[in-house]
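Chemist: Fold the following, please.
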Amino acid sequence: LSLSPGPALINKAWHYEKYANMWRITDDFWDSWPLLVNMFERCEIWEKHVSEGCYPDCDMLPLGYIGKGFGHERYTRFTKDEQITMMTLWCIFRSPLMVGAELTKLDDWTLGLLTNKKVLRLLTHSAGARQIMRNKNQAIWFSKDTQDEAYYLALFNLSDEEGQISVSAQELDMEAFTGLICEELWTGEILKGFDGVFESEVPVHGARLYKISK
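Modeler: This next block holds a predicted model:
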């Protein structure tokens, strides 16, 4: 059962979890950066209510050509980095994924964004996602793989300037990053050699999603 109550009420979470499989936690979501930034707050509120068969819903993904039937069809206003941020947040939070686009017009880049198997794995084989920190410039999320001995670390740059984002092993309840492999799941880049603090350069309005394993 899917419910679309507009922005769901957190004080009714018990009711949604008892009677529904998914429920929308926002008003209609469109390709607007302020709306995407606001989703970090909404996901923080609902992060403890995600479980098997119960999924807070961040709404459809406005990717590719959208707006048909709403007056004017156009290409999404999100930049590529903003689209990566959206997909990363939706996947680590484990929101249901629904594409609000004209599928016959999907370009190769958008199709690749939607079919990245290593990223999509988070929807079915991760748990315990939580926001480690968030301010006006950045946000950090963390979760665990349910089959592999691995973790997922998402770094989000919410500012208008490219910047370095760092997180300590202690903040993630880990001893250290020593000896671990950090694979960035969008680019395939492999990082090693970190000890107590992990850091990465993240583009404007962009995200980095790492699988951390031995």
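Chemist: got the contact list for the residue of the chain most remote from its centre?
Modeler: Farthest-out residue of the chain from its mean C-alpha position, per CA atoms, centre = their mean: residue 71, at 29.2 Å. Under the criterion of CB atoms under 8 Å, 6 or more residues apart in numbering, residue 71 has no neighbours. From N, CA and C alone the C-beta is placed, and that goes for glycine too.
Chemist: can you pull the buried residues of stretch 202-214?
Modeler: By neighbour count, with 16 or more other CB atoms under 10 Å as the criterion, the buried positions of stretch 202-214 are 202, 203, 205, 206, 207, 208, 209, 210, 211, 212.
Chemist: Show the model's pLDDT score for residue 172.
Modeler: The confidence metric pLDDT takes the value 96 at residue 172.
Chemist: Quick check: chain neighbours aside, which residue is closest to it?
Modeler: Using CB to CB, 6 or more residues apart in numbering and skipping residues adjacent in sequence, the residue nearest residue 172 is residue 142, 5.4 Å away.
Chemist: Name the residues linked to the one you found by a beta bridge.
Modeler: According to DSSP bridges, residue 130, residue 153 are recorded as the beta-bridge partners of residue 142.
Chemist: isn't it right up against residue 151?
Modeler: Yes. Between residue 142 and residue 151 a contact is recorded at 6.6 Å, counting by CB atoms under 8 Å.
Chemist: anything in contact with each of those two?
Modeler: Taking CB under 8 Å, 6+ apart as the contact criterion, the residues that touch both residue 142 and residue 151 are residue 172.
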